[in-house]
Structure formats: C-alpha cells, structure tokens
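K.L.:
Any chance you can model this:
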Amino acid sequence: QVELVESGGGLVQAGGSLRLSCAASERTFRNYAMGWFRQAPGKEREFVATINWSGARTYYADSVKGRFTISRDNAKNTVYLQMNSLKPEDTGVYYCAADASRGLVLYTRVSEYDYWGQGTQVTVSS
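P.N.:
Presented below is the predicted three-dimensional model:
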C-alpha cells in the first residue's frame, strides 16, 4: 500500500506560479510511475502529466504543455508539478497517483493508476 500526500496548493492570480509536491510513504517509490490529475467542480478527473520511474520520460496533456513541468526525486520519495503561467481554467483539486507498472507505458487514464492522494486545491483568479 502506497500512501500519497499532496501539498503546495493555494490561491494565485492568473499568470502566477505554484509548485505542487507529492510525498510517498513507500520506500520502493522508484518502482512506480507517477501522475498528476485534476478535477474541476462538476467535471470529471482529467490527466495532467506523468513521469516514468527514473524521470527520463514524461508526458503532458495538451492543455498544460509548455507551462507545467513534472519531475521527481527518488531519494526523497517525492514527485513535483511546477505550474507556470497559470490560467483560471487550471483551477481544481490536483491529485497525484502512482502506477505500479513503473511507466514502461505512460498512462493517462484514471483507471490505470493504483494509488491516489487526497488532493490539494489550486485556485487561479482572473
């Protein structure tokens, strides 16, 4: 069982930046690919970004490409999401998730992830 705890959310003006962190309890963190998803009120949870076990491969949703960067530090059991040039449509609860397949294939669907954090709220004002 992997426990994931997100932090770093908050209120920011459009054009600003935030850095989300997700700390994992599992010492074999490096065995998991990690993903970030978000959910706006009244909408389904959607894919944002994913990274393979080593950090060498990443993949982004078109809506965040060029603005967001996913990274990981396996020594700290932590994955990050650097969000720049934020827009009001980026508002939502952001979740990190772990995929036990190590990211041999980088998945974008909710059902392909095995463990989830509780989420952190990001609000971007216009």
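K.L.:
List the buried residues of stretch 43-50.
P.N.:
Residues 45, 47, 48, 49, 50 are the ones in stretch 43-50 that count as buried (16 or more other Cβ atoms under 10 Å). Just so you know, the C-beta spots here come from the backbone N, C-alpha and C atoms, and that holds for glycine as well.
K.L.:
before we move on, what about stretch 11-28?
P.N.:
With burial defined by 16+ other Cβ under 10 Å, the residues of stretch 11-28 counted as buried are 12, 18, 20, 21, 22, 23, 24.
K.L.:
rewinding a little: from the buried residues of stretch 43-50, which ones fall inside helices?
P.N.:
Applying DSSP state H to these, no entry is found in helices.
K.L.:
would you turn those into JSON lines with distance to residue 111 and pLDDT?
P.N.:
Formatted as JSON lines, those follow (distance: Cβ to Cβ, whole Å; pLDDT from 0 to 100):
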{"residue": "45", "distance to residue 111": "10", "pLDDT": "98"}
{"residue": "47", "distance to residue 111": "11", "pLDDT": "98"}
{"residue": "48", "distance to residue 111": "16", "pLDDT": "98"}
{"residue": "49", "distance to residue 111": "17", "pLDDT": "98"}
{"residue": "50", "distance to residue 111": "14", "pLDDT": "97"}
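K.L.:
Show me which of those residues is closest to residue 119.
P.N.:
Distances from residue 119 to the buried residues of stretch 43-50, taken as Cβ to Cβ, are shortest for residue 45 (9.5 Å).
K.L.:
which residues touch the nearest residue to that closest one once chain neighbours are set aside?
P.N.:
Spatial nearest neighbour of residue 45, excluding adjacent residues (Cβ to Cβ, 6 or more residues apart in numbering): residue 39 at 4.3 Å. The contact partners of residue 39, by Cβ atoms under 8 Å, 6 or more residues apart in numbering, come to 45, 46, 92, 93, 95, 119.
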